[in-house]
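**Q** Show me how the following folds:
(chains A and B)
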Amino acid sequence: MGMAMTIRTLTAMSITMLDDFTTRALLAGLGLALATGPLGSFVVWRRMAYFGDATSHAAILGVAVALAFQLPLTLGVLGVALAMALTVSTLAAKGWAMDTTLGVLAHSALAFGLVAISFVPGVRTDLSAYLFGDILVVSRADLALIWGGAALVLALLVWRWQALLTATLSEELAHAAGLNPNRERLVLTVALALVVAVAIKVVGALLIAAMLIIPAAAARALSRAPEAMAALATGIGGLAAFFGLQLSLWQDTDAGPSIVAAAAMIFALAAVAAQLRRG
Amino acid sequence: MTPLISADHICVRFGGAEVLHDVSLRVRPGEIVTILGPNGSGKSTLIRAILGLVPLTHGRVMRADGLRLGYVPQKLAVDRSMPLTVRRFLSLPLRVSDAAAEAALARVGVAGLGARQMSALSGGQFQRVLLARALLSDPQLLILDEPTQGLDQSGEAAFYQLIETVRAETGAAVLMVSHDLHVVMAASDRVICLNGHVCCEGTPRVVSNAPEYRALFGLGTKGALALYQHEHDHGHDHDHGHGHDHSHPHSHEHHHAG
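**A** Take a look at the predicted model:
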């Protein structure tokens, strides 16, 4: 990708930035990237990809609960996602076969959510907004929620960073150092539920896990330290939001999938770059 | 001398099976205690029980007040998905200065490896880096769980020699586990033979002569024992019989040339 092209795109961007809704959409995407970069790195390091799926698919059930009881959407999603994340985390600690358990839970949550939503009158047609996000209609209040949630997740991870890294490497090592690996796992579980609640507006329930994993995976190939990987994953997530939105505005594609597609392209480029550098 | 750590009559049960039965163990300042046992004898479980990683069904484990503990796990799989240099690893969970990190690496014989990725280390280097990390907390007690797994025989001998040097230099007590008989013996003050329970216990010399030990490991170890005795028959150890409590501190030095 040429420098000139990047600059042209950036110039075009700064013009469209004047449109308020695109600015808000981009800010929403950047806010999400702030949280998904570091958290996604942990998801990759701890091989929690399926765990992310289960939690984010539960968000659809959360949407149904919120609509049925006329609760704020975020509250419903956060509650159900948290319940799912805690259930999965508890079962994992008890030594359940996670591959199967998560497969059952993730898809059941999605199916029950979709079934439950079809009972709520007048929502059926809006379903894709929950599945694939609705970043182009993000309001100021949504934006505050997204940045607030992301900041909370980021603060949580920064606060526990050293302990989280140690526990991720080895629970025994963490325990011997006087840390409690269960508490660190809980921190990640809560953070994941928060990110799901924040991300459902941006990329939708189906693609939250992708936003966690793809930027982090792309960053892995290019980094030598965990902190570098987390920061780079944030940058890549931000870039993906930017390019995905451009694609969406230009070709009128769904914004959520466009952002994830952009992330996947960056992953491919990073993989090639790492291969070339290795010789 | 007050023990750094003492396990009193501990029992551990996994499901229906009792893995450890009535095991008592003390480690005093500065001594090297080795737990020997065949596979499945509960060695690692004992270490994990002492560290508080598995619940006890009976008994208790006491630590000296404010005990500084360095732990070298049996294996540590650094997932390739996590980029991690040796230098960064040494700063987990407590950040240490560059000078301290470099000194710790030099002490274990892998100076200058700081910039290397953990996943790019050889087995021997990896174990030494784990030991370096454990030493950074200035431990009074080092706990090592089969630290030489995956090393070849010379690597293993070199590692045990390193442990002895570290003990001599820092005064740290060492509690380690091995399934390997002869290499470990030279370095140990005391050997505990484990097979679900404590079969026998004493100086390496005493244990190697104990019938329980011979029964546990069979006759195949004769050659190895001969090797050990060849190195150690200096004729000053007449401590016959084996007790469960050696109250005398082991002050004699091992001066065998390595």
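**Q** Of all the residues in stretch B:13-22, which ones are buried?
**A** For stretch B:13-22, a neighbour-count test (16 or more other Cβ atoms under 10 Å in any protein chain shown) marks B:18-21 as buried. All C-beta atoms are positioned from the backbone trio N, CA, C, and that covers glycine.
**Q** Pick out the residue of chain A closest to chain B.
**A** Nearest residue of chain A to chain B, counting by Cβ to the nearest Cβ: A:Ala176, 3.6 Å away.
**Q** Name the nearest residue to that residue, ignoring sequence neighbours.
**A** Take A:Ala176 and drop its neighbours on the chain: the residue closest to it by Cβ to Cβ, 6 or more residues apart in numbering or on different chains is B:Tyr71, 3.6 Å away.
**Q** which SSE is that neighbour in?
**A** strand B:69-72 (DSSP states H and E).
**Q** Now do the helix or strand following that strand: distance to the chain's middle.
**A** Proceeding N to C from strand B:69-72, the next assigned helix or strand is helix B:86-90, under DSSP H and E. Computed by Cα atoms, centre = their mean, to the nearest Å, the chain-centroid distance of helix B:86-90 equals 23 Å.
**Q** which residues sit in contact with A:Leu75?
**A** A:Ala66 (Cβ atoms under 8 Å, 6 or more residues apart in numbering or on different chains).
**Q** in the helix or strand hosting it, what counts as buried?
**A** A:Leu75 is located in helix A:73-93, with elements delineated by DSSP H and E. Across helix A:73-93, burial judged by 16+ other Cβ under 10 Å covers A:73-74, A:76-85, A:87-89, A:92.
**Q** got the CA coordinates for it in CSV?
**A** Output of helix A:73-93 as CSV, limited to C-alpha atoms (Å, rounded to 0.1, in the frame of the first residue of the first chain):
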residue,chain,number,x,y,z
LEU,A,73,-30.2,-2.5,26.2
THR,A,74,-26.7,-2.4,27.7
LEU,A,75,-27.9,-3.5,31.1
GLY,A,76,-29.6,-6.6,29.6
VAL,A,77,-26.6,-7.5,27.5
LEU,A,78,-24.2,-6.9,30.3
GLY,A,79,-26.2,-9.0,32.7
VAL,A,80,-26.6,-12.0,30.4
ALA,A,81,-23.1,-11.8,29.1
LEU,A,82,-21.7,-11.7,32.6
ALA,A,83,-23.9,-14.7,33.7
MET,A,84,-22.6,-16.7,30.7
ALA,A,85,-19.0,-15.7,31.2
LEU,A,86,-19.2,-16.7,34.9
THR,A,87,-20.9,-20.0,34.1
VAL,A,88,-18.2,-20.9,31.5
SER,A,89,-15.4,-19.8,33.8
THR,A,90,-16.8,-21.9,36.7
LEU,A,91,-17.3,-24.9,34.5
ALA,A,92,-13.8,-24.6,33.2
ALA,A,93,-12.4,-24.4,36.7
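**Q** how long is stretch B:115-128 end to end?
**A** Terminal residues of stretch B:115-128 are spaced 15 Å apart (Cα to Cα, to the nearest Å).
**Q** Give me the nearest residue to residue 130, chain neighbours excluded.
**A** Picking chain A for this. A:Val63 (5.0 Å).
**Q** Hmm, no, I was thinking of chain B.
**A** B:Val72 (4.7 Å).
**Q** Report the contact partners of the one you found.
**A** B:127, B:130-131, B:134, B:142-145, B:147.
**Q** and if we set it to 10 Å?
**A** Listed by Cβ atoms under 10 Å, 6 or more residues apart in numbering or on different chains, the contact set of B:Val72 reads A:173, A:176, B:127-135, B:142-147, B:163, B:174, B:176.
**Q** again with A:Leu157
**A** A:Leu157 neighbours (Cβ under 10 Å, 6+ apart): A:35, A:37-39, A:41-42, A:164, A:187-188, A:191, A:230.
**Q** swap in B:Leu76?
**A** B:Leu76 is in contact with A:169-170, A:172-173, B:89, B:118, B:126-127, B:129-130, B:133, counting by Cβ under 10 Å, 6+ apart.
**Q** The residue nearest to A:Ala176 bridge partners, please.
**A** B:Ile143 (DSSP bridges).
**Q** does B:Pro147 count as helix, strand or coil?
**A** coil (DSSP: H, G, I helix; E, B strand; the rest coil).
**Q** Now for chain A, the helix or strand with the poorest mean pLDDT.
**A** helix A:3-16 (a mean of 61; mean pLDDT, DSSP states H and E).
**Q** The helix or strand following that helix: how far from the chain's middle?
**A** From helix A:3-16 onward toward the C-terminus, using DSSP H and E, the following helix or strand is helix A:20-45. Distance of helix A:20-45 from its chain centroid, counting by Cα atoms, centre = their mean, is 7 Å.
**Q** Sort out which residues of the next helix or strand after helix A:20-45 are buried, please.
**A** Once the chain leaves helix A:20-45, the next helix or strand it forms, by DSSP H and E, is helix A:49-68. Within helix A:49-68, the residues scored as buried using 16+ other Cβ under 10 Å are A:49-67.
**Q** do stretch A:110-122 as well
**A** With burial defined by 16+ other Cβ under 10 Å, the residues of stretch A:110-122 counted as buried are A:110, A:113-114, A:116-117.
**Q** quick check, nearest of the contacts of A:Leu157 to A:Val104?
**A** Checking the contacts of A:Leu157 against A:Val104 with Cβ to Cβ, the nearest one is A:Leu188 at 21.5 Å.
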